[in-house]
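Enquirer: Here is a sequence with its predicted model. Questions after.
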Amino acid sequence: MAGSDTPPPRGRGPSISLTTGGKLKTFEVEQQPCTLLHVRVIGGRNITKGWKDYVDKPDPFVSLKMPSSPNGSKKTKVVYNENNPKWNEEFKFFLDPQKENILEITLMEYNYMYVIETIGNPIKLDVKSLKENQTEKKTFNFTGTSQVDFEFKIELSGESDLRYSLDLCHEENDFVIKRKKVVMGALKSLFGDAAPTSIDKVPTIGIMGSGGGFRAMVGLAGVFEALISSGIMDTAMYAAGLSGSTWYLSTLYSHPSWPTKETGPIHEELKTNIQSSVFWLLKPNLIYKYINAVLHKRRQGQPVSFSDFFGHMVGETILRERKDSSKLSDFRKKVEDGKAPMPLFTGVHVKNSVSAQVFQEWLEFSPYEVGLAKYGTFLNTELLGSKFFMGNVVKKHEELPLHYCQGVWGSAFCILFKRLFADNRNIDPIEMMRQDMDDEIMATESYNDASDESDDDDDGKDAETPQKKKKEEQESMLQQFLNSIFANANLFDSREKRSGVIHNFMRGLTFNAASMTPNSPLALFYQDHGIEFFDGRDELFPTTHKRLLVVDGGLTFNSPYPLMLRPHRNVDLIISFDFSGRPSDTSEPFKELLLAEKWADVNHIPFPKIDTTVLDEEGMKELYIFKDPDNEDCPIVMHFVLANIEFRKYKEPGIERTTKEEQDFGNFDVFDDPEAPYSTFNFKYEEISFDRLYQLMRFNTLNNLKEIKQCIAECIEKKKH
């Protein structure tokens, strides 16, 4: 089926052919049917601990372990003070029929404060001994008198909870149709009779922001204020962010006032929220709050890392009272009926022992789905954090909260967290982060995720974890957390402890590597460093791995171009705002853009040539425009630079500064200021620093409205032919 979202027939895995960039590329995703083992624990008889019964009657429960299953650890509830317990609990295991599947059944005695004990010897059951689609009753003896009754049934399932396609999902396609009607009205207001008269002639415009910490967050806030007030925002189909820009987009789209009310009050809230020092997040009551939340997540069977802590800190800072209630899927309400651009977010999936600039796979987050376009495999955003096996949800968790996503999208700062407490004003943060990630590869690391052993998932029985163990876990994690910040302890010592870690939703699938899709980096040579970049196109990530490590996309390159260049989005105009750090205000502003150009080139995706000699010919400007007039499929790229040039002289476009106060306000450097108020490491913005950066980017955007409209007009004209 070519680019189809039609579910595969039951019992068969899907196979898709993908047409991308005008060139047919064949890529197959195979989902083999999995075996479902249903187990019902009925009840027990004459359960005894021997002479210990005279001291305390048994508190029995049954433990089920299947090492070959991704949900391989289950247990019944505890029945207190009972020799003849009744459970009547049902459990389901997902199994690969091609592997050996041995169920280990243990009768256990629960102790509230002490070590849990076994009663008798475990029983091992080979699933191959069961007949398909038949319910079989069995009774097992654990001691001379202790017996437990069970029911077993196995069946095959070929259903899938994943979507296999490079096409946009149905929900995004529906959004595009609705949004084009809004865009068409906005273009009519801006261009009159020159505007398109049918939605199929409406150009697709994307707005995007780069990484850069709070600098990017504040700068993009100023950009949005200008785009909204000028009517340009209503012409945009997408708004994409990476790292710091995702913090602004997610803060905006989670706010109850957006998009129906003005953004001014939202931005005032943001300004107030980031005026406090990062040290306020290290108060004991907040640290204990984070630790308890992270421990609860781990006990539910979820992987955790320092990104969990960092996400709590980011959310506590910029979301405040919305922190614990906001989710990415909530943004669906914000874009229903096409009333706002669709927000898109990104990170990159990396390997534990390979440089992020050698192997990386761009992971896309939208309100509707999350996935890897390289494999044409996506999950519903509401299932983000759930555990999958062979295309099936084997354990559904609550959707990961928005603050966790914020921690993952900006996880480069997990690498640099201890450096936030040092003076790093003269260091290039992006290169530092990339080097730190690469240095880990040379270190000894114990993480080995290729095993298909049991996940040690206790099936969420958090309440029955002995209190002594809970206390020990809490104290241990607190000690690790504090030592890792103020000493050289192990919470930061390897990539999997600092990356975002999620269940591998592709686990158990089969990929045919006949040809990769042009949505992940290929091999190229980056001359400035003399090393190979993006050398992982044809390399498939093993689907036996239980988890995915997801890091800040800026560790590859610092703008979310892969989201905009996804062929099925057909973006005509990319309005990009680059907040990346530079050594000086006069430094060349094309470093990250050149990486994006090379990524597009080796992926055979149309992208305009970035001619850096324009800097020598025209000098430093607020905006550079790149086009390819000979390729109608090539988008126009408007590259806005974080530069204070015209803003020094003008307080509004065409209105000069006259008073000394106005002149002093506009006369500042972004990267050359020795106090470094806009350092990537700065997580506290004084009011003057916020206002200057916010107004600078608002001005730079408004000052180039003529150029923006000219590029939109070119796209309108191109769509007519």
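Expert: Looks like it came in fine.
Enquirer: any residues touching the longest helix seen in the chain, and which ones?
Expert: If you go by DSSP state H, the chain has its longest helix at helix 170-191. Under the criterion C-beta atoms under 8 Å, 6 or more residues apart in numbering, residues 5, 167-168, 195-196, 198-199, 202, 204-205, 231, 234-237, 332, 335, 337-339, 341-342, 366, 368-369, 709, 712-713, 716 lie in contact with helix 170-191. (Each C-beta comes from the backbone N, C-alpha and C, glycine too.)
Enquirer: Filter those down to the ones in helices?
Expert: Mapping those onto helices (DSSP H) picks out Arg332, Val335, Lys709, Ile712, Ala713, Ile716.
Enquirer: What count of nearby residues applies to the third one?
Expert: The local packing count at Lys709 equals 16, with neighbours defined by other C-beta atoms under 10 Å.
Enquirer: dump the residue contacts of it.
Expert: Lys709 neighbours (C-beta under 8 Å, 6+ apart): Leu190, Phe191, Ile232.
Enquirer: ok, back up a step: average pLDDT for the longest helix of the chain?
Expert: Averaging pLDDT along helix 170-191 yields 97.
Enquirer: buried residues in that helix?
Expert: By 16 or more other C-beta atoms under 10 Å, the buried positions in helix 170-191 come out as Glu171, Glu172, Phe175, Val176, Arg179, Lys180, Val182, Val183, Met184, Ala186, Leu187, Leu190.
Enquirer: cool, stretch 41-56 as well?
Expert: Val41, Ile42, Gly43, Gly44, Ile47, Thr48, Lys49.
Enquirer: Burial check on the nearest residue to the last one once chain neighbours are set aside, number of neighbours?
Expert: Counting by C-beta to C-beta, 6 or more residues apart in numbering, Lys49 lies nearest to Pro58, which is 5.5 Å off, once chain neighbours are set aside. The local packing count at Pro58 equals 26, with neighbours defined by other C-beta under 10 Å.
Enquirer: related to what we said a few turns ago, and the furthest pair within the buried residues of stretch 41-56?
Expert: For the buried residues of stretch 41-56, with distances taken as C-beta to C-beta, the pair at the greatest spread is Ile42 and Lys49 (21.0 Å).
Enquirer: how close does Met313 sit to Leu270?
Expert: Distance, Met313 to Leu270, by C-beta to C-beta, to the nearest Å: 16 Å.
Enquirer: Of the two, which one has the most company?
Expert: Leu270 (24 against 21).
Enquirer: can I assume that one is in contact with Ile318?
Expert: Yes: between Leu270 and Ile318 there is a contact at 6.6 Å, judged by C-beta atoms under 8 Å.
Enquirer: Between the two, which contacts overlap?
Expert: With C-beta under 8 Å, 6+ apart, Leu270 and Ile318 have common neighbours Met217, Thr251.
Enquirer: Let me know the distance separating Ile199 from Ser257.
Expert: 29 Å.
Enquirer: And Gly338, by the same measure?
Expert: To Ser257, Gly338 is 19 Å away according to C-beta to C-beta.
Enquirer: Of the two, give the one with the bigger neighbour count.
Expert: Gly338 (18 against 13).
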